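**Q** curious how this folds, go ahead:
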Amino acid sequence: MSNGRILVVEDDFDISNMLKIYFSGQGYAVEVAGKGGDAITSTRRQLPNLIVLDINLPDMSGYDVCRELRTTTRTKHIPIIFLTQKDERSDKITGLELGADDYVTKPFDIEELKLRIGNAISAAKKHKEINPVSGFPTGAPIEEHLRELMRKDADWSYIDVKIINFDSFKEVYGWQAGDEVLRATALMVADMLEQHGTSDDFAGHPGPDNFVIISQADTTDPLVDSLQDRFATEIQQHYSFIDRERGYMLVGDDQKELMTLAIGSVSTRTHQFSDIREITELAADDRRRKLSGDTSSDDGSSDILTAW
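**A** The predicted model follows:
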């Protein structure tokens, strides 16, 4: 399995060949471009995970290559490490101002460069796993956190939070208003964790209208109750005066209820889990039962959420 794809933009054959041989041996797929124009074409054809970019190129400056990539939507997120003989402070500042992620001066330590490349690719990967609207982690970091907890002998609760009628709200008010709701909800979740959670608690945003909370607090009742109460109050400000007064939205000729939170949960205090899918399915099932008004679980015991 490849550690990622690196594009080396360097007109010195000895250096580019050495980098290709070394990083190929480290598990990376390496492509080499000797000119800036070739680098831009190659990047647009197949996005690399990182670009090692020389400044002194035969056809254009590495600064110009960086500028071009940073002003193109599809390529602006790619990490760039400048590799150059220039070591003046002004040169470094110029590169960083253009959006370069790092700056390595020739001659360089190959082990240091390896660490810088690995760190830059890891940081970019983590950035992609953060929802840009809420600022919360998405799928992979949530799974990683759950796996870590499942390896430990500790009590914790998984809470599934869904915004009901969110799609109808966006249909009426548009995507920007929807993003404002998500940012507001993320802030509420963070505040509730600060007030009622522990320092080890975790919040994620795995889906468009779904949040998750993983809490190690002894009880999640205060957190859940406070979150629902605050959402019910503050969500009103995202509607027009008319919709607030009549208590529903109109989508065409259809009446749609205002947004609410549906919350379900499971806990290691009442369950033993074999895998992550079991956790998410049980919490989602508990959320659906809660929403429908059914407070009994499949085995006849009381609803987990109300039992805490």
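
**Q** ok, residue 137 touching residue 129?
**A** Yes. With contact defined as CB atoms under 8 Å, residue 137 reaches residue 129; the gap is 6.0 Å. Just so you know, the C-beta spots here come from the backbone N, C-alpha and C atoms, and that holds for glycine as well.

**Q** same drill for these two, tell me which one is more crowded.
**A** Legend: neighbour count by other CB atoms under 10 Å for residue 137 and residue 129, higher for residue 137 (21 against 15).

**Q** which stretches of the stretch 1-150 of the chain aren't confidently modelled?
**A** Within the stretch 1-150 of the chain, the stretches with pLDDT under 70 are 1, 86-88.

**Q** what segments of it are strands?
**A** Taking DSSP state E, counting those that start in this stretch as the test, the strands found in the stretch 1-150 of the chain are 5-9, 29-33, 50-53, 80-84, 102-105.

**Q** what about residue 271, helix or strand, and which?
**A** Residue 271 is part of no helix or strand, with elements assigned from DSSP states H and E.

**Q** quick one, phi psi at it?
**A** Here is the backbone geometry of residue 271 (degrees, to the nearest 10): phi -140, psi 150.

**Q** give me the neighbour count for it.
**A** Neighbourhood size, residue 271 [other CB under 10 Å]: 13.

**Q** ditto for residue 181
**A** Counted with other CB under 10 Å, residue 181 comes out at 21.

**Q** mind checking how far the residue nearest to the spatial centre of the chain is from residue 274?
**A** Taking CA atoms, centre = their mean, the centroid of the chain lies closest to residue 130, which sits 1.3 Å from it. From residue 130 across to residue 274, the span is 29 Å (CB to CB, to the nearest Å).

**Q** and residue 45, by the same measure?
**A** Counting by CB to CB, the gap from residue 45 to residue 274 is 44 Å.

**Q** over to residue 50?
**A** For residue 50 relative to residue 274 (CB to CB), the value is 38 Å.

**Q** what does residue 232 give?
**A** The spacing between residue 232 and residue 274, counted by CB to CB, is 36 Å.

**Q** tell me which of those two has more neighbours.
**A** Applying other CB under 10 Å to residue 232 and residue 274 shows that residue 232 carries more neighbours, namely 13 against 9.

**Q** shouldn't the more buried one be in contact with residue 259?
**A** No. The pair residue 232 / residue 259 is not scored as a contact, 9.2 Å apart, by CB under 8 Å.

**Q** possible to save the strands of the stretch 1-150 of the chain as TSV with distance to residue 283 and mean neighbour count?
**A** As requested, these are exported to TSV (distance: least, CB to CB, whole Å; neighbours: other CB atoms under 10 Å):
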stretch	distance to residue 283	mean neighbour count
strand 5-9	37	23
strand 29-33	39	19
strand 50-53	37	26
strand 80-84	41	23
strand 102-105	41	17
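
**Q** out of those, nearest to residue 145?
**A** The minimum distance between residue 145 and the strands of the stretch 1-150 of the chain falls on strand 50-53, with 25.9 Å, by CB to CB.

**Q** who does the closest one pair with, and is each partner parallel or antiparallel?
**A** Within its sheet, and counting by DSSP bridges, strand 50-53 is paired with strand 5-9 (parallel), strand 80-84 (parallel).

**Q** to residue 192, which of those lies closest?
**A** strand 80-84 (39.1 Å).
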